[in-house]
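Peer 1: Kindly generate the corresponding structure for this input.
(one chain, ligands or ions: 2)
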Amino acid sequence: MRPDARAWFESRTTSVPSLDVLDLEGLLCAKRRGQHRVSVVLPARDEAATVGGLIADLHEQWVQRTPLVDELLVVDSDSTDATAAVARAAGADVVAAADVLPGHGSRPGKGEALWKGLAATTGDLVVFLDADLLGDVRHFVPGLLAPLLGDPQVEYVKGCYTRPLEVGGTSVPVGGGRVTELTARPLLNALWPELAGFVQPLGGEYAGRRSALEQVPFVSGYGVEVGLLVDLLRLVGLAALAQVDLGVRRHISQGQEALGRMAGQVVSTVLARAGREQAGGLLTQFRHDGAGFEPHSTAVAVDERPPLATVPEYRAPLGDAVVG
Ligand SMILES: O=c1ccn([C@@H]2O[C@H](COP(=O)(O)OP(=O)(O)O[C@H]3O[C@H](CO)[C@@H](O)[C@H](O)[C@H]3O)[C@@H](O)[C@H]2O)c(=O)[nH]1
Ligand SMILES: O=C(O)[C@H](O)COP(=O)(O)O
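Peer 2: Ligands and ions are numbered 1, 2, ... in the order given. Okay, the predicted model is just below:
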(Lines give C-alpha, C1' and ligand atoms only; values in the text may rest on other atoms or scores of the structure.)
(Ligands and ions follow the chains in the order given, each with its own letter.)
Protein backbone atom coordinates (compact mmCIF):
# COMPACT_ATOMS: atom_id res chain seq x y z
CA MET A 1 0.00 0.00 0.00
CA ARG A 2 1.22 3.52 -0.70
CA PRO A 3 2.57 5.28 2.40
CA ASP A 4 -0.19 7.94 2.36
CA ALA A 5 -2.89 5.25 2.09
CA ARG A 6 -1.29 3.19 4.86
CA ALA A 7 -0.93 6.23 7.13
CA TRP A 8 -4.59 7.07 6.52
CA PHE A 9 -5.65 3.47 7.16
CA GLU A 10 -3.76 3.37 10.45
CA SER A 11 -4.90 6.74 11.74
CA ARG A 12 -8.48 6.88 10.44
CA THR A 13 -9.81 3.33 11.03
CA THR A 14 -11.73 2.68 14.23
CA SER A 15 -13.60 -0.41 15.36
CA VAL A 16 -17.14 -0.82 16.68
CA PRO A 17 -18.01 -4.48 16.08
CA SER A 18 -20.87 -4.52 18.61
CA LEU A 19 -22.91 -2.38 20.98
CA ASP A 20 -20.83 -3.49 23.98
CA VAL A 21 -17.76 -1.43 23.05
CA LEU A 22 -19.65 1.86 22.76
CA ASP A 23 -19.65 4.72 25.23
CA LEU A 24 -23.26 5.68 24.57
CA GLU A 25 -23.39 8.34 27.28
CA GLY A 26 -20.29 9.96 25.73
CA LEU A 27 -21.88 9.93 22.28
CA LEU A 28 -25.13 11.44 23.54
CA CYS A 29 -23.14 14.07 25.37
CA ALA A 30 -21.18 14.94 22.21
CA LYS A 31 -24.44 15.09 20.26
CA ARG A 32 -25.96 17.52 22.79
CA ARG A 33 -22.79 19.59 23.04
CA GLY A 34 -22.55 19.98 19.27
CA GLN A 35 -26.34 20.57 19.00
CA HIS A 36 -26.44 17.89 16.33
CA ARG A 37 -29.50 16.45 14.71
CA VAL A 38 -29.19 12.92 13.29
CA SER A 39 -31.12 11.56 10.30
CA VAL A 40 -30.97 7.90 9.30
CA VAL A 41 -31.98 7.14 5.70
CA LEU A 42 -32.66 3.68 4.27
CA PRO A 43 -33.27 3.33 0.52
CA ALA A 44 -35.57 0.39 -0.14
CA ARG A 45 -36.85 -1.29 -3.24
CA ASP A 46 -38.93 -4.40 -2.58
CA GLU A 47 -37.47 -5.05 0.86
CA ALA A 48 -40.68 -6.02 2.68
CA ALA A 49 -38.99 -9.22 3.89
CA THR A 50 -36.20 -7.42 5.78
CA VAL A 51 -37.09 -3.77 6.36
CA GLY A 52 -39.65 -4.39 9.14
CA GLY A 53 -37.29 -6.13 11.55
CA LEU A 54 -34.48 -3.72 10.80
CA ILE A 55 -36.59 -0.60 11.38
CA ALA A 56 -38.20 -2.06 14.51
CA ASP A 57 -34.73 -2.70 15.99
CA LEU A 58 -33.41 0.75 15.08
CA HIS A 59 -36.53 2.57 16.24
CA GLU A 60 -36.69 0.75 19.55
CA GLN A 61 -32.99 1.24 20.26
CA TRP A 62 -32.17 4.72 18.90
CA VAL A 63 -35.47 6.60 18.92
CA GLN A 64 -37.28 5.17 21.96
CA ARG A 65 -34.62 3.86 24.33
CA THR A 66 -31.58 6.06 23.57
CA PRO A 67 -32.30 9.38 21.82
CA LEU A 68 -29.49 9.25 19.26
CA VAL A 69 -31.63 9.40 16.10
CA ASP A 70 -34.02 12.26 15.39
CA GLU A 71 -35.32 11.12 12.00
CA LEU A 72 -35.61 7.54 10.74
CA LEU A 73 -36.64 7.62 7.09
CA VAL A 74 -37.25 4.87 4.57
CA VAL A 75 -37.19 6.08 0.97
CA ASP A 76 -39.45 3.80 -1.01
CA SER A 77 -37.76 3.35 -4.35
CA ASP A 78 -40.65 2.28 -6.62
CA SER A 79 -41.36 -0.88 -4.62
CA THR A 80 -44.02 -3.23 -5.89
CA ASP A 81 -44.30 -5.07 -2.57
CA ALA A 82 -45.41 -3.90 0.89
CA THR A 83 -42.10 -2.21 1.76
CA ALA A 84 -43.69 1.15 2.59
CA ALA A 85 -46.46 -0.24 4.80
CA VAL A 86 -44.12 -2.63 6.62
CA ALA A 87 -41.54 0.12 7.27
CA ARG A 88 -44.20 2.54 8.51
CA ALA A 89 -45.74 -0.05 10.82
CA ALA A 90 -42.28 -0.71 12.29
CA GLY A 91 -41.78 2.95 13.19
CA ALA A 92 -40.12 4.68 10.22
CA ASP A 93 -41.27 7.73 8.37
CA VAL A 94 -41.69 6.70 4.74
CA VAL A 95 -41.56 8.79 1.58
CA ALA A 96 -41.84 7.63 -1.98
CA ALA A 97 -38.73 8.73 -3.85
CA ALA A 98 -40.94 10.10 -6.63
CA ASP A 99 -42.74 12.44 -4.16
CA VAL A 100 -39.58 14.25 -3.05
CA LEU A 101 -38.57 17.31 -5.09
CA PRO A 102 -41.34 16.35 -7.51
CA GLY A 103 -40.42 19.11 -9.92
CA HIS A 104 -37.21 17.22 -10.64
CA GLY A 105 -38.95 14.07 -11.79
CA SER A 106 -38.15 10.53 -10.88
CA ARG A 107 -35.33 8.24 -11.94
CA PRO A 108 -34.68 4.62 -11.10
CA GLY A 109 -31.89 3.50 -8.84
CA LYS A 110 -30.44 3.41 -5.37
CA GLY A 111 -28.47 6.64 -5.66
CA GLU A 112 -31.65 8.47 -6.65
CA ALA A 113 -33.29 7.22 -3.44
CA LEU A 114 -30.33 8.47 -1.40
CA TRP A 115 -30.41 11.91 -3.03
CA LYS A 116 -34.13 12.19 -2.38
CA GLY A 117 -33.56 10.96 1.16
CA LEU A 118 -30.97 13.65 1.77
CA ALA A 119 -33.43 16.24 0.43
CA ALA A 120 -36.29 14.98 2.61
CA THR A 121 -34.40 15.00 5.91
CA THR A 122 -33.07 17.79 8.06
CA GLY A 123 -30.27 16.38 10.24
CA ASP A 124 -26.83 17.95 10.02
CA LEU A 125 -25.47 14.39 10.39
CA VAL A 126 -26.88 11.81 7.98
CA VAL A 127 -26.47 8.04 8.20
CA PHE A 128 -27.25 5.79 5.23
CA LEU A 129 -28.01 2.08 5.68
CA ASP A 130 -29.20 -0.54 3.23
CA ALA A 131 -32.64 -1.96 3.95
CA ASP A 132 -31.73 -5.60 3.23
CA LEU A 133 -29.32 -6.04 6.15
CA LEU A 134 -29.73 -9.23 8.15
CA GLY A 135 -29.08 -9.84 11.85
CA ASP A 136 -28.50 -7.33 14.62
CA VAL A 137 -26.96 -4.17 13.15
CA ARG A 138 -28.05 -1.66 15.79
CA HIS A 139 -24.41 -0.78 16.48
CA PHE A 140 -23.93 0.38 12.87
CA VAL A 141 -25.63 3.71 13.64
CA PRO A 142 -23.52 4.86 16.61
CA GLY A 143 -20.45 3.24 15.06
CA LEU A 144 -20.78 5.41 11.96
CA LEU A 145 -21.64 8.52 13.98
CA ALA A 146 -18.82 8.26 16.53
CA PRO A 147 -16.02 9.69 14.32
CA LEU A 148 -18.29 12.59 13.24
CA LEU A 149 -19.34 13.34 16.81
CA GLY A 150 -15.81 13.02 18.13
CA ASP A 151 -13.73 14.88 15.57
CA PRO A 152 -14.86 18.06 13.80
CA GLN A 153 -12.32 17.42 11.03
CA VAL A 154 -14.10 14.23 9.91
CA GLU A 155 -16.66 14.84 7.16
CA TYR A 156 -17.52 11.32 5.96
CA VAL A 157 -17.31 7.85 7.49
CA LYS A 158 -17.48 4.62 5.53
CA GLY A 159 -18.46 1.39 7.25
CA CYS A 160 -16.36 -1.71 6.71
CA TYR A 161 -16.92 -5.30 7.71
CA THR A 162 -16.20 -8.88 6.87
CA ARG A 163 -18.78 -10.17 4.42
CA PRO A 164 -19.93 -13.77 4.29
CA LEU A 165 -21.42 -14.86 0.98
CA GLU A 166 -24.70 -16.69 1.56
CA VAL A 167 -26.12 -18.23 -1.60
CA GLY A 168 -28.31 -21.29 -2.04
CA GLY A 169 -28.20 -22.24 1.64
CA THR A 170 -24.40 -22.28 1.91
CA SER A 171 -22.20 -19.65 3.49
CA VAL A 172 -18.61 -18.76 2.58
CA PRO A 173 -17.22 -16.76 5.55
CA VAL A 174 -15.40 -14.06 3.57
CA GLY A 175 -16.74 -14.66 0.04
CA GLY A 176 -19.02 -11.60 -0.11
CA GLY A 177 -18.49 -8.28 -1.82
CA ARG A 178 -17.82 -9.74 -5.26
CA VAL A 179 -18.20 -6.48 -7.20
CA THR A 180 -16.01 -4.80 -4.61
CA GLU A 181 -13.21 -7.31 -4.97
CA LEU A 182 -13.34 -7.87 -8.74
CA THR A 183 -14.24 -4.41 -10.00
CA ALA A 184 -14.24 -1.48 -7.57
CA ARG A 185 -11.08 -2.19 -5.62
CA PRO A 186 -8.81 -2.83 -8.63
CA LEU A 187 -10.15 0.29 -10.37
CA LEU A 188 -9.78 2.52 -7.32
CA ASN A 189 -6.27 1.23 -6.61
CA ALA A 190 -5.29 1.94 -10.19
CA LEU A 191 -6.75 5.43 -10.41
CA TRP A 192 -6.87 6.82 -6.85
CA PRO A 193 -4.27 4.82 -4.90
CA GLU A 194 -4.68 7.14 -1.93
CA LEU A 195 -8.10 5.47 -1.43
CA ALA A 196 -6.57 1.99 -1.21
CA GLY A 197 -7.11 1.87 2.58
CA PHE A 198 -10.91 1.69 2.22
CA VAL A 199 -11.85 -1.88 3.04
CA GLN A 200 -15.41 -1.63 1.67
CA PRO A 201 -15.63 1.12 -0.93
CA LEU A 202 -19.04 -0.14 -2.11
CA GLY A 203 -20.83 -1.15 1.10
CA GLY A 204 -24.07 0.73 1.65
CA GLU A 205 -23.46 1.88 5.24
CA TYR A 206 -21.90 5.31 5.73
CA ALA A 207 -22.48 8.68 7.36
CA GLY A 208 -21.53 12.24 6.64
CA ARG A 209 -22.05 15.87 7.43
CA ARG A 210 -24.88 17.35 5.39
CA SER A 211 -22.66 20.35 4.67
CA ALA A 212 -20.38 18.02 2.66
CA LEU A 213 -23.01 15.64 1.23
CA GLU A 214 -25.05 18.48 -0.24
CA GLN A 215 -22.03 19.69 -2.22
CA VAL A 216 -21.45 16.54 -4.27
CA PRO A 217 -23.49 14.93 -7.06
CA PHE A 218 -25.28 11.63 -6.45
CA VAL A 219 -25.02 9.01 -9.18
CA SER A 220 -28.54 7.62 -9.57
CA GLY A 221 -27.71 3.90 -9.67
CA TYR A 222 -25.22 1.61 -7.97
CA GLY A 223 -22.29 3.88 -8.84
CA VAL A 224 -23.34 6.15 -5.99
CA GLU A 225 -20.85 4.84 -3.39
CA VAL A 226 -17.79 4.92 -5.59
CA GLY A 227 -18.86 8.33 -6.90
CA LEU A 228 -19.25 9.74 -3.38
CA LEU A 229 -15.86 8.41 -2.35
CA VAL A 230 -13.99 10.01 -5.25
CA ASP A 231 -15.99 13.26 -5.16
CA LEU A 232 -15.63 13.66 -1.40
CA LEU A 233 -11.92 12.94 -1.64
CA ARG A 234 -11.69 15.85 -4.04
CA LEU A 235 -13.96 18.08 -1.95
CA VAL A 236 -12.65 17.53 1.58
CA GLY A 237 -9.38 15.59 1.20
CA LEU A 238 -8.30 12.19 2.50
CA ALA A 239 -7.72 13.36 6.09
CA ALA A 240 -11.41 14.28 6.42
CA LEU A 241 -12.51 10.74 5.49
CA ALA A 242 -12.66 7.90 8.01
CA GLN A 243 -13.79 4.30 8.23
CA VAL A 244 -15.13 2.12 11.00
CA ASP A 245 -14.99 -1.66 11.27
CA LEU A 246 -18.55 -2.72 12.12
CA GLY A 247 -17.88 -6.43 12.46
CA VAL A 248 -19.86 -8.72 10.16
CA ARG A 249 -22.38 -7.65 7.52
CA ARG A 250 -24.93 -10.04 6.09
CA HIS A 251 -27.38 -9.09 3.39
CA ILE A 252 -29.50 -10.55 0.59
CA SER A 253 -27.13 -11.23 -2.31
CA GLN A 254 -28.01 -10.65 -5.95
CA GLY A 255 -27.26 -13.12 -8.74
CA GLN A 256 -24.29 -12.93 -11.10
CA GLU A 257 -26.12 -11.23 -13.95
CA ALA A 258 -27.41 -8.43 -11.69
CA LEU A 259 -23.94 -8.02 -10.18
CA GLY A 260 -22.52 -7.72 -13.70
CA ARG A 261 -24.87 -4.79 -14.32
CA MET A 262 -23.86 -3.28 -10.97
CA ALA A 263 -20.20 -3.63 -11.96
CA GLY A 264 -21.02 -1.93 -15.27
CA GLN A 265 -22.46 1.06 -13.38
CA VAL A 266 -19.42 1.19 -11.10
CA VAL A 267 -17.08 1.12 -14.12
CA SER A 268 -19.04 3.92 -15.84
CA THR A 269 -18.93 6.07 -12.71
CA VAL A 270 -15.18 5.57 -12.29
CA LEU A 271 -14.48 6.27 -15.96
CA ALA A 272 -16.52 9.48 -15.80
CA ARG A 273 -14.56 10.65 -12.76
CA ALA A 274 -11.33 9.75 -14.51
CA GLY A 275 -12.34 12.07 -17.35
CA ARG A 276 -13.08 9.29 -19.83
CA GLU A 277 -16.20 9.64 -21.91
CA GLN A 278 -18.11 6.40 -22.30
CA ALA A 279 -18.20 4.96 -25.77
CA GLY A 280 -21.55 3.22 -25.64
CA GLY A 281 -22.96 3.24 -22.14
CA LEU A 282 -24.34 -0.25 -22.73
CA LEU A 283 -23.43 -3.54 -21.07
CA THR A 284 -24.17 -6.63 -23.16
CA GLN A 285 -24.57 -9.93 -21.32
CA PHE A 286 -25.43 -13.34 -22.72
CA ARG A 287 -27.87 -16.09 -21.84
CA HIS A 288 -27.89 -19.52 -23.47
CA ASP A 289 -31.38 -20.69 -24.35
CA GLY A 290 -30.32 -24.26 -25.24
CA ALA A 291 -30.00 -23.47 -28.93
CA GLY A 292 -27.56 -20.58 -28.78
CA PHE A 293 -26.47 -17.43 -26.99
CA GLU A 294 -28.93 -14.62 -26.67
CA PRO A 295 -27.46 -11.12 -26.07
CA HIS A 296 -29.15 -8.76 -23.56
CA SER A 297 -28.02 -5.15 -23.35
CA THR A 298 -28.57 -2.82 -20.42
CA ALA A 299 -27.83 0.89 -20.10
CA VAL A 300 -25.07 1.43 -17.55
CA ALA A 301 -24.20 5.02 -18.47
CA VAL A 302 -23.81 7.42 -15.56
CA ASP A 303 -26.95 9.31 -14.73
CA GLU A 304 -26.50 11.67 -11.82
CA ARG A 305 -28.20 14.31 -9.73
CA PRO A 306 -26.50 17.64 -9.08
CA PRO A 307 -25.26 18.66 -5.63
CA LEU A 308 -28.37 19.42 -3.55
CA ALA A 309 -26.88 22.76 -2.53
CA THR A 310 -27.41 23.89 -6.13
CA VAL A 311 -31.10 22.90 -6.22
CA PRO A 312 -33.27 25.97 -5.47
CA GLU A 313 -36.23 24.05 -3.95
CA TYR A 314 -33.89 22.36 -1.49
CA ARG A 315 -33.18 25.76 -0.01
CA ALA A 316 -36.85 26.14 0.94
CA PRO A 317 -37.71 24.99 4.47
CA LEU A 318 -37.56 21.22 4.38
CA GLY A 319 -40.41 18.88 5.25
CA ASP A 320 -43.80 19.73 3.78
CA ALA A 321 -42.33 22.17 1.30
CA VAL A 322 -40.18 19.49 -0.28
CA VAL A 323 -42.13 16.28 0.18
CA GLY A 324 -45.44 15.79 -1.57
O1 LIG B 1 -33.26 0.85 -7.42
C2 LIG B 1 -32.92 0.57 -6.27
C3 LIG B 1 -32.03 -0.49 -5.98
C4 LIG B 1 -31.72 -0.75 -4.66
N5 LIG B 1 -32.25 -0.01 -3.67
C6 LIG B 1 -31.91 -0.30 -2.25
O7 LIG B 1 -30.52 -0.07 -2.04
C8 LIG B 1 -30.03 -0.97 -1.07
C9 LIG B 1 -28.83 -1.75 -1.65
O10 LIG B 1 -29.26 -2.39 -2.82
P11 LIG B 1 -28.90 -3.91 -3.16
O12 LIG B 1 -29.55 -4.24 -4.44
O13 LIG B 1 -29.18 -4.76 -1.98
O14 LIG B 1 -27.33 -3.78 -3.38
P15 LIG B 1 -26.18 -4.84 -3.11
O16 LIG B 1 -26.26 -5.98 -4.05
O17 LIG B 1 -26.15 -5.18 -1.69
O18 LIG B 1 -24.92 -3.90 -3.51
C19 LIG B 1 -23.85 -3.35 -2.74
O20 LIG B 1 -23.06 -2.57 -3.65
C21 LIG B 1 -23.78 -1.47 -4.18
C22 LIG B 1 -22.86 -0.74 -5.15
O23 LIG B 1 -21.95 0.07 -4.50
C24 LIG B 1 -24.24 -0.58 -3.06
O25 LIG B 1 -25.03 0.45 -3.61
C26 LIG B 1 -25.05 -1.38 -2.04
O27 LIG B 1 -25.43 -0.55 -0.96
C28 LIG B 1 -24.21 -2.52 -1.56
O29 LIG B 1 -24.90 -3.26 -0.59
C30 LIG B 1 -31.18 -1.87 -0.67
O31 LIG B 1 -31.77 -1.38 0.49
C32 LIG B 1 -32.13 -1.74 -1.85
O33 LIG B 1 -33.49 -1.97 -1.54
C34 LIG B 1 -33.08 1.05 -3.94
O35 LIG B 1 -33.54 1.74 -3.04
N36 LIG B 1 -33.41 1.30 -5.24
O1 LIG C 1 -20.45 -4.95 -2.60
C2 LIG C 1 -20.48 -5.81 -3.50
O3 LIG C 1 -19.47 -6.19 -4.08
C4 LIG C 1 -21.83 -6.33 -3.92
O5 LIG C 1 -22.77 -5.96 -2.92
C6 LIG C 1 -21.90 -7.81 -4.03
O7 LIG C 1 -21.84 -8.35 -2.75
P8 LIG C 1 -22.02 -9.95 -2.53
O9 LIG C 1 -20.95 -10.62 -3.31
O10 LIG C 1 -21.82 -10.10 -1.04
O11 LIG C 1 -23.40 -10.27 -2.96
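Peer 1: does P67 sit in a helix, a strand or a coil?
Peer 2: Look at P67: counting by DSSP: H, G, I helix; E, B strand; the rest coil, its state is coil.
Peer 1: I'd like to know how far it sits from A291.
Peer 2: P67 is 62 Å from A291, where distance means C-beta to C-beta, to the nearest Å. The way it works is simple: take the backbone N, C-alpha and C, and place the C-beta from them, glycine included.
Peer 1: From the centre of the chain, give me the residue that's furthest out.
Peer 2: Within the chain, the residue lying farthest from the chain centre (C-alpha atoms, centre = their mean) is A291, at 41.0 Å.
Peer 1: ok, what's across the strand from E304?
Peer 2: V219 (DSSP bridges).
Peer 1: So that it lines up with my notes, have the first residue be 257 from now on.
Peer 2: Done: numbering now begins at 257, and the last item shifts to E560.
Peer 1: That one contacts S476, doesn't it?
Peer 2: Yes - E560 is within contact range of S476, at 6.0 Å (criterion: C-beta atoms under 8 Å).
Peer 1: which neighbours do those two share?
Peer 2: G367 (C-beta atoms under 8 Å, 6 or more residues apart in numbering).
Peer 1: The stretch 457-580 of the chain: helices as residue ranges?
Peer 2: Assigned by DSSP state H, counting those that start in this stretch, the helices in the stretch 457-580 of the chain fall at 466-469, 480-492, 512-529, 568-571.
Peer 1: Ok, which of these comes nearest A338?
Peer 2: Evaluated with C-beta to C-beta, the helices of the stretch 457-580 of the chain place helix 512-529 nearest to A338, the distance being 22.0 Å.
Peer 1: in that closest one, what's buried?
Peer 2: By 16 or more other C-beta atoms under 10 Å, the buried positions in helix 512-529 come out as 515-529.
Peer 1: got the contact list for P408?
Peer 2: Contacts of P408 by C-beta under 8 Å, 6+ apart: none found.
Peer 1: circling back: weakest of the helices of the stretch 457-580 of the chain by average pLDDT?
Peer 2: Among the helices of the stretch 457-580 of the chain, helix 568-571 carries the lowest mean pLDDT, at a mean of 89.
Peer 1: in that one, what counts as buried?
Peer 2: Y570.
Peer 1: Any residues of the stretch 307-456 of the chain in contact with ligand 2? List them.
Peer 2: When proximity is defined as C-beta under 6 Å from any ligand atom, the stretch 307-456 of the chain approaches ligand 2 at 419, 421, 432-436.
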